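Asks: I'd like to go over a predicted model; first the sequence, then the structure.
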Amino acid sequence: LDQGKLHGDFNIKKTAIDFKTEITMGKDDNASKGFSSGEIIYAKGFNIKFDSDHFDLSNIKHLAGLKLEGAGAVHGSTTGNSAAATFEMLLDTQNVFFENFSLGNVSGILEYDKGIMNFSNLNGKINNSTYQGQVVVDLNQKHIKSQIEIPRFEINELLSVVSRRFIMPVEVSGLGRAKINVDGPFQLGKLSYQLNAQMSHGSVVSEPFDILDIKLESNSGEMHIEKLQMTKNQSLLNMTGISHPDGQIDLKIIGNSLPLEESENVRKLGSQISGMLDVETLLKGFILNPDVHVSGKIYDLSVEEQEFTDSQFQLTINQEQIKGDVELFGNQVKSTFQLPISEKTPFALKIQANQWNYTTLATLIGGGKLLNDYQSSLTGDLDLHADSGGLWKSTGRGTIENLLLQRGQLKLQNPQPMKLVMNHGLI
């Protein structure tokens, strides 16, 4: 404790001292207040009781280097002598943070003896999510061991535990339950743990799922995904991979035969779309900004009862650029591109169209029903590039050999090829 005040009565005798005092620790709004009474016997030691309806954990500045925040009621006692001491206390605290991990409201029994802190009958609550368990902290060896059971959690509330360290980059929701066993040093990157969790009736980036089953195991910070499987009706997504203590990850997500008509994001387009999707996603690099590689195939595609041939795509995203190539509708459209994210990354865009029914673009803005009313075709190519500055500083040329748009007897078509020339952004 940095500072404190005592106000009370002391009774000094030949063999002992007994006292009853009011205690104030800290200052201003964070001051902890309580009462203490006890007896100190010179030849044997001390026995002290203490009670506080408001004890601010931030008033404890040094506890084996551990950082604590939160406040609440504390009632307990301590016994010992000049050589050693033990204590036991009942805790009922709110808004607790341990090493920048949010634990919510926590109650339980805390015991200390010979450098070992034991949290037993631990009960916690983070909004509507609850957990219980036991935590043993060896301050001598700087080692922690715990068994936690979470009978009910909401994923957004559970993610708030790590909100000071990590923000989930995508929207997630769902209800679940979990069990966690932890054993290792205070350093997060060197912990060994096992996590088993099951979630239901949730969503990831607005895509709902039925069940999400997770099994993770870490050995001294080397985390392996034993199982991570998401199911929706008959569809399956599987993730495998590893995370290293230095924050480097190597993950793979695979989904096969995923029906497009079951996708909420596809339904939002407002068109009648069906088909199948095979997709593979690789994430590699530092966990907060990994390189992402996505490849896939769309087949058996139907839009407003019009059938289309297969499409394939590959996409790579990193801190510098978005790079990829696509082949749409049986090679009606081929494209390779390099789109800069940083200012110094080159830009490149190549497109080849061969009798492309470009009114399919209407499906992206809810106009899929117009496909049956219009006939369209586009044949041409485009080749643009720039060392920096992106599209608006690019140089290149494009040609439209044939452009057709027809509705009934109305027809729009170019009589001869059209050319486009761009020089450093000027057309």
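Replies: Structure received.

Asks: quick check: the spatially most central residue of the chain vs residue 117, distance?
Replies: The centroid of the chain falls nearest to residue 168 when counting by Cα atoms, centre = their mean (3.1 Å). Per Cβ to Cβ, to the nearest Å, residue 168 is found 31 Å from residue 117. To be clear about C-beta, it is placed using only N, CA and C from the backbone, and glycine gets the same treatment.

Asks: swap in residue 403?
Replies: From residue 403 across to residue 117, the span is 76 Å (Cβ to Cβ).

Asks: over to the closest residue to residue 22 other than its chain neighbours. Which of the three states is it?
Replies: Spatial nearest neighbour of residue 22, chain neighbours left out: residue 7 (4.8 Å); criterion: Cβ to Cβ, 6 or more residues apart in numbering. Following DSSP: H, G, I helix; E, B strand; the rest coil, residue 7 is assigned to strand.

Asks: cool, and residue 158?
Replies: Secondary structure for residue 158, judged by three-state DSSP, is helix.

Asks: can we start the residue count at 15 from this point?
Replies: Sounds good: first residue 15 from here, last item residue 172.

Asks: look up the closest residue to residue 415, ignoring the ones flanking it.
Replies: Nearest to residue 415 is residue 393, by Cβ to Cβ, 6+ apart, at 4.5 Å.

Asks: pretty sure the one you found sits against residue 427.
Replies: No: look at residue 393 against residue 427 with Cβ atoms under 8 Å: they stay out of range, at 11.5 Å.

Asks: what touches both of those two?
Replies: Common neighbours of residue 393 and residue 427, counting by Cβ atoms under 8 Å, 6 or more residues apart in numbering, are residue 416.

Asks: higher neighbour count, the two?
Replies: Higher neighbour count among residue 393 and residue 427: residue 393, with 17 against 10, using other Cβ atoms under 10 Å.

Asks: and the strands in the stretch 115-264 of the chain?
Replies: With DSSP state E, counting those that start in this stretch as the criterion, the stretch 115-264 of the chain has strands at 115-127, 130-140, 143-152, 157-168, 186-199, 206-218, 221-233, 236-246, 249-257, 262-273.

Asks: next, format these as JSON lines and append distance to residue 330.
Replies: Listed next are those as JSON lines, based on distance: least, Cβ to Cβ, whole Å:
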{"stretch": "strand 115-127", "distance to residue 330": "34"}
{"stretch": "strand 130-140", "distance to residue 330": "37"}
{"stretch": "strand 143-152", "distance to residue 330": "37"}
{"stretch": "strand 157-168", "distance to residue 330": "34"}
{"stretch": "strand 186-199", "distance to residue 330": "24"}
{"stretch": "strand 206-218", "distance to residue 330": "21"}
{"stretch": "strand 221-233", "distance to residue 330": "22"}
{"stretch": "strand 236-246", "distance to residue 330": "22"}
{"stretch": "strand 249-257", "distance to residue 330": "17"}
{"stretch": "strand 262-273", "distance to residue 330": "15"}
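
Asks: save the ones you listed as CSV, and put in distance to residue 439 and mean pLDDT too.
Replies: Output for the strands of the stretch 115-264 of the chain, formatted as CSV (distance: least, Cβ to Cβ, whole Å; pLDDT from 0 to 100):
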stretch, distance to residue 439, mean pLDDT
strand 115-127, 49, 90
strand 130-140, 52, 92
strand 143-152, 53, 93
strand 157-168, 49, 92
strand 186-199, 40, 92
strand 206-218, 39, 92
strand 221-233, 38, 93
strand 236-246, 44, 93
strand 249-257, 42, 93
strand 262-273, 38, 94
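
Asks: turn those strands into CSV, columns for distance to residue 292 and mean neighbour count.
Replies: What follows is the strands of the stretch 115-264 of the chain, written out as CSV (distance: least, Cβ to Cβ, whole Å; neighbours: other Cβ atoms under 10 Å):
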stretch, distance to residue 292, mean neighbour count
strand 115-127, 39, 18
strand 130-140, 38, 17
strand 143-152, 36, 19
strand 157-168, 32, 16
strand 186-199, 23, 17
strand 206-218, 18, 17
strand 221-233, 16, 17
strand 236-246, 15, 16
strand 249-257, 11, 16
strand 262-273, 5, 16
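
Asks: which one of the ones you listed lies closest to residue 59?
Replies: strand 115-127 (14.1 Å; Cβ to Cβ).

Asks: give me the sheet partners of the closest one and which way each runs.
Replies: strand 99-112 (antiparallel), strand 130-140 (antiparallel) (DSSP bridges).

Asks: relative to residue 357, which of those is closest?
Replies: Per Cβ to Cβ, nearest to residue 357 of the strands paired with strand 115-127: strand 99-112, 38.7 Å.

Asks: and the closest one, how far out from the chain's middle?
Replies: In terms of Cα atoms, centre = their mean, to the nearest Å, the centre of strand 99-112 is found 29 Å from the chain centre.

Asks: tell me the angle of that strand relative to strand 157-168?
Replies: Orientation of strand 99-112 against strand 157-168 (axes from the mean of the first three to the mean of the last three Cα atoms, to 10 degrees) gives an angle of 40 degrees.

Asks: pLDDT of strand 99-112, averaged?
Replies: For strand 99-112, mean pLDDT rounds to 89.

Asks: would you mind writing the CA trace of it as PDB?
Replies: Output of strand 99-112 as PDB, limited to C-alpha atoms (Å, rounded to 0.1, in the frame of the first residue of the first chain):
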ATOM      1  CA  ALA A  99       1.500 -15.000   8.100                       C
ATOM      2  CA  THR A 100      -1.600 -16.500   6.600                       C
ATOM      3  CA  PHE A 101      -4.900 -14.900   5.700                       C
ATOM      4  CA  GLU A 102      -8.400 -15.800   4.600                       C
ATOM      5  CA  MET A 103     -11.000 -13.400   3.200                       C
ATOM      6  CA  LEU A 104     -14.500 -13.400   1.700                       C
ATOM      7  CA  LEU A 105     -14.600 -11.300  -1.500                       C
ATOM      8  CA  ASP A 106     -17.600  -9.700  -3.200                       C
ATOM      9  CA  THR A 107     -16.200  -7.400  -5.900                       C
ATOM     10  CA  GLN A 108     -17.300  -5.600  -9.000                       C
ATOM     11  CA  ASN A 109     -15.600  -4.600 -12.300                       C
ATOM     12  CA  VAL A 110     -12.500  -6.700 -11.600                       C
ATOM     13  CA  PHE A 111      -9.500  -6.600 -14.000                       C
ATOM     14  CA  PHE A 112      -6.600  -9.000 -13.500                       C
END
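
Asks: buried residues of that strand, list them for me.
Replies: Buried residues in strand 99-112, defined by neighbour count with 16 or more other Cβ atoms under 10 Å: 101, 103, 105, 107, 110, 111, 112.

Asks: what would those look like in JSON lines with distance to residue 337?
Replies: Converted to JSON lines, the buried residues of strand 99-112 look like this (distance: Cβ to Cβ, whole Å):
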{"residue": "101", "distance to residue 337": "60"}
{"residue": "103", "distance to residue 337": "58"}
{"residue": "105", "distance to residue 337": "54"}
{"residue": "107", "distance to residue 337": "50"}
{"residue": "110", "distance to residue 337": "45"}
{"residue": "111", "distance to residue 337": "41"}
{"residue": "112", "distance to residue 337": "42"}
